[in-house]
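Asks: based on what follows, work out the 3D shape:
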Amino acid sequence: MDKVGRKQRPELLSQQVTGARYFFLNLAPTRGARVGPALGGRELCNPDYRIIRATYAYDGLEYVAEGAGWVELDGRRHPLGSGAVFAYGRATRCEIQTDPARPLVKYFVCLTGGAAAKRLARAGVAPGTLQLLTAHAELRGLFEELIHEGQRPGRLALELCAVRLELLLLKIEEHIRAGARGEDPARERFLRCKALIEERAEKLVTLEEIAAAAGLEVSSVCRLFRRYHDCSPYQHLLRRKMTLAAEHLVENGGLVKEAAQRIGFADPYHFSRCFKAVHGVAPRDLLRYRRPG
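Replies: Predicted structure coming up:
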């Protein structure tokens with residue numbers, strides 16, 4: 001967790017991170033507030049990352065996407081690696097340290113509401129416990145969507161993020177139960193590949209690049225998408241690119257060719273045809289919905 005300025009309660013966030021993305025929604029909830037997100041984000045830990053807390057302002061949930069390290073929750077130490085999900089309560093003594101050679105990339109969300117600890121326990125990650133998920137690539141995308149909604153202005157942001165949080169908790173519960181029944185390696189490969197497309201969509205261009213990023217053969221990627229998805233891997237990449245382009249046009253405006261270049265299209269006319277095929281409107285038509293500011 002990173003610094004946010006003195007007026008935003010810097011004790012909430014660590015300064016030992018880089019490339020962090022955060023959202024802040026409801027840092028001072030009213031009494032009796034339902035379970036919901038207060039703040040959250042994604043952090044790339046510095047090699048010297050280490051935090052020690054005896055108490056915290058919120059119940060929290062963290063997910064390790066990459067890297068290694070360890071966490072100690074109320075005196076019990078657990079190794080951290082890709083797929084680790086753990087939670088802490090306000091009175092949980094928590095210590096986290098990264099492996100300097102493999103810095104942690106982790107996501108977190110802090111929960112409000114008197115029933116937050118019970119909701120985490122129902123998801124299978126009670127405060128003070130850790131679960132190691134074998135199939136977890138989907139969680140990265142869910143956290144990214146939560147951050148995206150949390151950073152967007154508007155009166156519905158809190159409600160949208162509350163729904164995203166509930167979906168995230170349900171998915172964690174589903175993965176924990178699936179792990180107890182036995183993992184599905186093929187589905188995990190598909191989810192990992194899908195997450196890579198969503199995360200690197202701006203830079204990926206070809207099916208061969210998708211396969212290389214996932215460490216798979218092109219034919220394997222195509223089989224996985226036929227089995228687990230409703231479109232091909234290239235179609236999924238194209239949809240993701242056009243979603244990013246639409247977000248850019250609505251939030252930032254600018255020229256259509258700038259949006260095209262941002263997602264790897266050198267030809268703005270080709271970009272416009274693909275955009276309309278996906279969204280049903282031309283990119284210029286979407287500019288009328290640009291957010292004021």
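Asks: okay, strands next: where are they in this protein?
Replies: 17-24, 36-45, 50-53, 59-66, 69-73, 76-80, 84-88, 94-98, 105-112, 130-132 (DSSP state E).
Asks: just name the most buried of those.
Replies: Comparing the strands of the chain by mean neighbour count (mean count of other CB atoms under 10 Å), strand 84-88 comes out on top with a mean of 26. (C-beta placed from N, C-alpha, C; glycine too.)
Asks: not counting its own residues, what contacts that one?
Replies: Applying CB atoms under 8 Å, 6 or more residues apart in numbering, the external contacts of strand 84-88 come out as 56, 59-64, 71, 73, 78, 94, 120, 125-133, 136, 139, 172.
Asks: how about a cut-off of 6 Å?
Replies: 60-64, 71, 94, 120, 125, 127, 130-132 (CB atoms under 6 Å, 6 or more residues apart in numbering).
Asks: mind checking the pLDDT average for that strand?
Replies: For strand 84-88, mean pLDDT rounds to 96.
Asks: ok, it: who's next to it in the sheet?
Replies: Under the criterion DSSP bridges, strand 84-88 sits next to strand 59-66 (antiparallel), strand 130-132 (antiparallel) in its sheet.
Asks: just to revisit the earlier point, okay, who's weakest in the contacts of strand 84-88 by pLDDT?
Replies: Within those, pLDDT is lowest for residue 132, at 89.
Asks: so for residue 270, which of the strands of the chain sits nearest?
Replies: strand 17-24 (30.5 Å; CB to CB).
Asks: still on that earlier bit, turn the strands paired with strand 84-88 into JSON lines, columns for distance to residue 267.
Replies: Converted to JSON lines, those look like this (distance: least, CB to CB, whole Å):
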{"stretch": "strand 59-66", "distance to residue 267": "34"}
{"stretch": "strand 130-132", "distance to residue 267": "46"}
